Structure formats: C-alpha cells, structure tokens
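Trainee: when you get a sec, could you give me coordinates for this:
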Amino acid sequence: MAFKTLSGYIQLSRPVNAAITAIAIPVACWLTGVMKDRISDIVLAALAGAFVAAGANAINDYFDIEIDRINKPKRPLPAGILSAGQAKRMWLLTSTIGIGLNLFLNMPAFIIACAAVAALYFYSSYFKRTVLMGNVLVGAMTGMTFIYGGAVAGSMKRAVFPALFAFLSNFGREVIKDMEDMKGDEAKGAMTFPIRCGIRPARRVVVVTMLLLVLSTAAAALWNAYNLYFIWIVLPLDIVFLIIAAVLRISASERQMHRLSTVLKICMMLGLIGIIAGSF
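Mentor: You can find the predicted model right below:
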C-alpha cells in the first residue's frame with residue numbers, strides 16, 4: 001500500500017514535466033554566460049523550479065478531479081490512489097520548498113517564484129476554465145522559466161528567445177489539450193476556447209501559433225542569436241510544427257489531439273537541446 005501511495009505521488013507530480021522545468025532553468029542560467037563559478041545557484045534554482053512545477057501539477061489535479069473522472073480516470077485522484085486532501089498537502093509542501101530554496105538565491109528570483117506559485121494556483125482554480133486566458137497563463141509561466149533562470153544569473157536579455165519559444169509551443173499545446181479534453185470539460189461546465197467558440201476556431205488558433213513558432217525560430221537564426229547547430233536541430237522541428245498545422249486543418253479527433261500533444265512535448269525537449277548546442 002505504501003508503494004502504491006508513493007507511486008501515486010510520483011504520478012501526481014508529472015515527473016517528466018518537472019524534469020523539463022529542471023533542465024530549462026540551468027539552460028537559461030548558462031545562456032547568460034556568467035554562471036560558470038556558481039554551480040550551487042544553478043542546482044538550487046533547478047530544484048526550486050522542479051518543486052514548483054510538481055506542486056502546480058498536484059493542485060491542477062486537485063481542482064480537476066471531477067473532470068479527470070471522465071477524461072483521465074487512471075490518474076491518482078480519480079483512481080482513488082490518493083485523496084484530494086493528500087494532493088493539496090503535496091501542493092503546499094512542494095510549493096513551500098520551491099519558494100524557500102529561493103531565499104538562498106536573490107530577490108528577483110524569489111519574487112518570480114512567489115508570483116509563479118500564485119499564478120499557477122489561480123490558473124488551476126479559475127483561469128483554466130476561461131476562454132484562452134488559462135492557455136495564455138500556462139504558456140507565459142513556461143516561458144517565465146527562462147526569465148527566472150536569467151534572473152538567477154543576473155542577466156535576462158539572452159533568455160528572451162527561449163522564453164518566446166516556450167510560450168508559443170506550450171500555448172499551442174494547451175489549446176490542443178483543450179480540444180482533446182472537450183468531452184469531460186463540457187460535462188463539468190468548463191468554458192474552454194474549443195467549447196465556447198468551437199473546434200474550428202481552436203484549430204485555427206493552434207495553426208497560427210505553429211506558424212508563429214516557425215517564424216520566431218527563423219528570426220532567432222537571422223538575428224544570429226545562435227550558431228549553425230541551432231539551425232540544424234531546429235529546422236527539422238520547424239518541419240514538424242508545419243506538419244502539425246497541416247494535420248489540424250484535416251482532423252481534430254480526441255486520439256489525434258493526444259498524439260499531437262505528445263509530439264509537441266518531445267519537440268520542447270529537442271528544442272532545448274537545439275538552444276544549448278546553438279549557444280556554444
């Protein structure tokens with residue numbers, strides 16, 4: 001039983017998402033070029049980001065338990081592996097640890113961490129069920145990961161392009177997830193963009209977002225923000241983004257949306273690799 005509960009907490013944290021955050025922050029710190037002798041700060045910032053992300057995932061499932069009974073019945077809360085109270089206590093503990101670690105860093109980083117925890121809580125409790133605002137907020141919070149990394153390092157200028165890439169890819173993915181979850185969201189009265197405005201406008205929003213993502217990577221290349229390694233890695237990803245846009249013009253089935261959401265998550269990881277390689 002103890003192992004099952006532990007497994008439930010791990011699932012609740014969404015370790016892959018938390019790992020993405022933990023990787024993105026050191027990348028943002030490293031991009032400034034001033035962190036070579038501050039490894040301890042990088043480690044603390046990465047851990048803080050991972051704890052905040054894990055807490056955000058826990059509180060998201062806490063507020064989505066009834067929707068997940070329909071859309072994702074195998075998640076720890078609807079499956080009965082964990083209680084709603086356990087999920088909320090996990091959010092409180094991990095968020096407190098995440099904020100507390102920033103006391104060893106600097107004031108801008110501490111302020112960003114506090115703002116992120118508050119914003120992610122209100123996203124799950126309210127904004128997620130509004131038209132597009134929730135999608136914008138979660139995209140902005142993902143992009144803020146890089147701004148946070150820059151704040152830890154004391155220089156945020158070079159974090160702008162990665163923050164823009166993260167915002168666009170996550171905003172698009174969130175709208176795709178809303179299309180995937182329409183059945184459960186509609187049953188529980190959640191007014192997401194696909195429900196309020198229809199599936200076709202939602203598809204158009206994602207198509208435009210994918211095109212903007214391709215244009216933003218092209219702008220970074222033309223601006224000489226990164227070297228040729230960035231282009232070699234990101235160009236195939238741009239092709240994938242264009243394929244996603246093409247697929248969305250043809251189909252928007254729940255199964256197809258799940259696949260596209262997974263593909264975008266993989267592209268996010270590969271995009272990080274492209275930014276790292278392009279910064280040498």
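Trainee: dead centre of this protein: give me the residue that sits there.
Mentor: Nearest to the centroid of the C-alpha atoms of the chain, with distances taken as CA atoms, centre = their mean, sits residue 142, at 4.6 Å.
Trainee: stretch 191-201 - what's its average pLDDT?
Mentor: The average pLDDT within stretch 191-201 is 86.
Trainee: residues of that stretch that come out buried?
Mentor: Within stretch 191-201, the residues that count as buried by 16 or more other CB atoms under 10 Å are 192-195, 199. (C-beta placed from N, C-alpha, C; glycine too.)
Trainee: for the residues you listed, give me CSV that also has secondary structure and distance to residue 260.
Mentor: Below are these laid out as CSV (DSSP: H, G, I helix; E, B strand; the rest coil; distance: CB to CB, whole Å):
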residue, secondary structure, distance to residue 260
192, coil, 16
193, helix, 16
194, helix, 14
195, helix, 18
199, helix, 14
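Trainee: which one of those is nearest to residue 124?
Mentor: residue 192 (13.5 Å; CB to CB).
Trainee: now do that closest one against residue 148, distance only.
Mentor: From residue 192 over to residue 148 the distance is 27 Å, taken as CB to CB, to the nearest Å.
Trainee: also residue 67?
Mentor: Taking CB to CB as the measure, residue 67 and residue 148 are separated by 29 Å.
Trainee: which one's more surrounded, the two?
Mentor: A count of neighbours by other CB atoms under 10 Å puts residue 148 above the other of residue 67 and residue 148, at 32 against 22.
Trainee: lowest average confidence across helices and strands of the protein, where is it?
Mentor: Ranking every helix and strand in the chain by mean pLDDT, DSSP states H and E puts helix 182-187 at the bottom, with a mean of 78.
Trainee: any buried residues in that helix, and which?
Mentor: When burial is assessed from 16+ other CB under 10 Å, helix 182-187 yields the following buried residues: 182, 184-185.
Trainee: now do that helix: everything it contacts.
Mentor: Residues lying outside helix 182-187 but in contact with it, judged by CB atoms under 8 Å, 6 or more residues apart in numbering, are 67-72, 129, 178, 192, 194-195, 199, 254.
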